[in-house]
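Asker: Next one to model:
(one chain, ligands or ions: 1)
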Amino acid sequence: MHRSLASVPRPSGAVEPGSTRPGGSGPAAVRYPFASPMAVPKQKQSHSRTSKRRAQHKITAPALNSCPQCHQPRRPHRVCPHCGTYGGREVVDVSDVHDHDHDH
Ligand SMILES: [Zn+2]
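Answerer: Reported below is the predicted structural model:
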């Protein structure tokens, strides 16, 4: 949804840009004889666009603790991806041996 505001058709009889707000509050829209002193949005922002912006408000960075074994950053309540331990014992074998084929 990337539409230029300049391509939006104006109602007929509109005067030069910046002096009016087309599609304001009905037929009695305010027509300034000069440019509005405020920066005013041309169009109402849709609920979809507002919701998409606000969807990002809750995002936070993931919590990181340091591993008690290797002191690498590790997410809480997870097996350490660096040394493969949890609760003081090794539960996952972390080695470079891969039995499948990919780049690293
Ligand atoms: Zn570790």
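
Asker: can we go C-alpha only for contacts and neighbour counts from here?
Answerer: OK.

Asker: Tell me, how many residues neighbour P68?
Answerer: As a burial measure, P68 scores 14 neighbours (other Cα atoms under 10 Å).

Asker: can you check the one 10 residues further on too?
Answerer: Around R78 sit 12 other residues, with neighbours defined as other Cα under 10 Å.

Asker: Which positions in the protein make contact with the ion?
Answerer: C67, Q69, C70, C80, H82, C83 (Cα under 5 Å from the ion).

Asker: List buried residues within these.
Answerer: C67, C80, H82, C83 (16 or more other Cα atoms under 10 Å).

Asker: OK, contacts around the third one?
Answerer: The one in question is H82. By Cα atoms under 8 Å, 6 or more residues apart in numbering, the contact set of H82 is C70, Q72, V94.

Asker: Nearest to A35 among those residues?
Answerer: Q72 (59.4 Å; Cα to Cα).

Asker: correct me, but that closest one touches S66?
Answerer: Yes: here Q72 reaches S66: they are 5.3 Å apart, a contact under Cα atoms under 8 Å.

Asker: Can you tell me which of the buried ones among the residues of the chain next to the ion end up in helices?
Answerer: Using DSSP state H, the subset of these located in helices is empty.
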